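Undergrad: mind looking at a prediction? Sequence and model below.
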Amino acid sequence: MPHIKNALIRYRIIDRMIRNPYKTYPSKSDLREACEESLFGSTYGDHICDSTIEKDLFAMRMEHDAPIKYSRKHEGYFYEDPDYTINDIPLSEDELESIRFAVQTLQQFQEVPYFKEFGSAIDKIATRVAVAGTEGNETSAFIGFETAYSSIGNQWLPLLLTAIQEKKTCQFTYASFKSGIAKERNVLPVYLKEYRNRWYLISFDLEKSDWITYALERMDGLVVNEAQHLLKEAFNPSSFFAETIGITTEKKAAERIVLRVNDIASKYIESQPLHSSQEKIGTNHFVLTVQINEELIRTLLGFMGELQIISPAHLVQTWNERIQKQLSIETHGNILWN
């Protein structure tokens, strides 16, 4: 991939050199030096040789229809069509459709504070491929994305990302939904994760000497300290969340959970697995190996009336208690419980 990327960068440099009105007819040596300087900061030819430039010129002619000609009189290269630029390479309809879909996906993040700086770039791409405002080709009329109606806490994203990159500690006050009491936290932030339209910070709490996950919407007064803190081992998000549904991880082993569902729920769960460990073990029976947390229970509650937990026994008990509470709400109206 880096090799391909460098080739594309060289094509753009060559294109810019050939179109330069102040220095026309660049020689092969001129092109090589320009590429060398832009990519490696030198002009000595240690990284790019003349044969590389020759291959680039050939590729530009064959793959991008570049009208490159050589002038013996001026001993340099020029475009037979003076209006040509490699930046105007036409895209196929399939390529355009893929870009339209990608832009539509990116546009849903434009109102998130951290991503607003990319807004103009997204708009340029959208305009370039005629995504927005083109009659009969408005993808938003055919594609919809889940939208968050609140962005509370998203203002902390830039500061936290900077702290993570620079390995700096942070301080903030935090009030959990359960206690509602704001407490001072001193942490080393290591990872940001979005889950169901909410952002969470995975951090090493310096006072508790433990990994703690904090919701950005419940933070206040965030300050990034100058002090750095280095962990003994680098944080690995893949292994950290390997046995988890959602964002809550605990110091306990994953458990084997057996579910029985009806025919309709079986099709949903089979087509969209609840977890990477999911296996089907007979008709309408599934097994997962995950930590039991609140996100798991809430996910399973989405199938209430269609799903039965077979094991483990303590999860069956928790499940039945939650079902009874839910039925109490439906029978008696709104009630409060701890």
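TA: Done, it's in. Residues are numbered from 1 along each chain as shown.

Undergrad: all contacts plus neighbour counts: C-alpha atoms, from now on.
TA: OK.

Undergrad: same for the strand or helix carrying Leu288, what does it pack against?
TA: Per DSSP states H and E, Leu288 falls inside strand 285-290. Packing partners of strand 285-290 (3 or more CA pairs under 8 Å, 6 or more residues apart in numbering; DSSP states H and E): strand 255-261, strand 279-280.

Undergrad: who does the last one pair up with?
TA: This means strand 279-280. strand 285-290 (antiparallel) (DSSP bridges).

Undergrad: show me which residues of the strand it pairs with are buried.
TA: For strand 285-290, the neighbour count (16 or more other CA atoms under 10 Å) marks 285-290 as buried.

Undergrad: repeat that for stretch 185-199.
TA: Those buried within stretch 185-199 under the rule 16+ other CA under 10 Å are 185-192, 198-199.

Undergrad: alpha carbons only: can I get that stretch in PDB?
TA: Output of stretch 185-199 as PDB, limited to C-alpha atoms (Å, rounded to 0.1, in the frame of the first residue of the first chain):
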ATOM      1  CA  ARG A 185     -11.000  11.900  38.700                       C
ATOM      2  CA  ASN A 186      -7.300  11.700  37.800                       C
ATOM      3  CA  VAL A 187      -6.700   9.400  34.800                       C
ATOM      4  CA  LEU A 188      -4.500   8.500  31.900                       C
ATOM      5  CA  PRO A 189      -6.700   8.400  28.900                       C
ATOM      6  CA  VAL A 190      -5.900   5.700  26.400                       C
ATOM      7  CA  TYR A 191      -8.800   5.100  24.000                       C
ATOM      8  CA  LEU A 192     -12.100   6.700  22.800                       C
ATOM      9  CA  LYS A 193     -15.000   4.400  21.800                       C
ATOM     10  CA  GLU A 194     -18.400   5.300  20.400                       C
ATOM     11  CA  TYR A 195     -21.300   3.000  21.400                       C
ATOM     12  CA  ARG A 196     -24.900   3.700  20.400                       C
ATOM     13  CA  ASN A 197     -24.300   7.300  19.700                       C
ATOM     14  CA  ARG A 198     -22.500   8.000  22.900                       C
ATOM     15  CA  TRP A 199     -18.700   8.500  23.400                       C
END
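
Undergrad: before we move on, the earlier item: and the buried residues of strand 285-290, which is closest to Pro26?
TA: Checking these against Pro26 by CA to CA gives Val290 as the nearest, at 62.6 Å.

Undergrad: pretty sure the closest one sits against Glu243.
TA: Yes: Val290 is within contact range of Glu243, at 4.6 Å (criterion: CA atoms under 8 Å).

Undergrad: what do these two both touch?
TA: Ala254 (CA atoms under 8 Å, 6 or more residues apart in numbering).

Undergrad: before we move on, back to that, now for the helix or strand just after the strand holding Leu288, which elements pack on it?
TA: The C-terminal neighbour of strand 285-290 among helices and strands, as given by DSSP H and E, is helix 294-301. If contacts are counted by 3+ CA pairs under 8 Å, 6+ apart, helix 294-301 sits against no helix or strand.

Undergrad: coming back round to it: and of the helices and strands packed on strand 285-290, who's closest to Tyr70?
TA: Once the helices and strands packed on strand 285-290 are compared by CA to CA, strand 279-280 is nearest, at 63.3 Å.

Undergrad: with adjacent residues omitted, what lies nearest to Pro26?
TA: Gly76 (4.8 Å; CA to CA, 6 or more residues apart in numbering).
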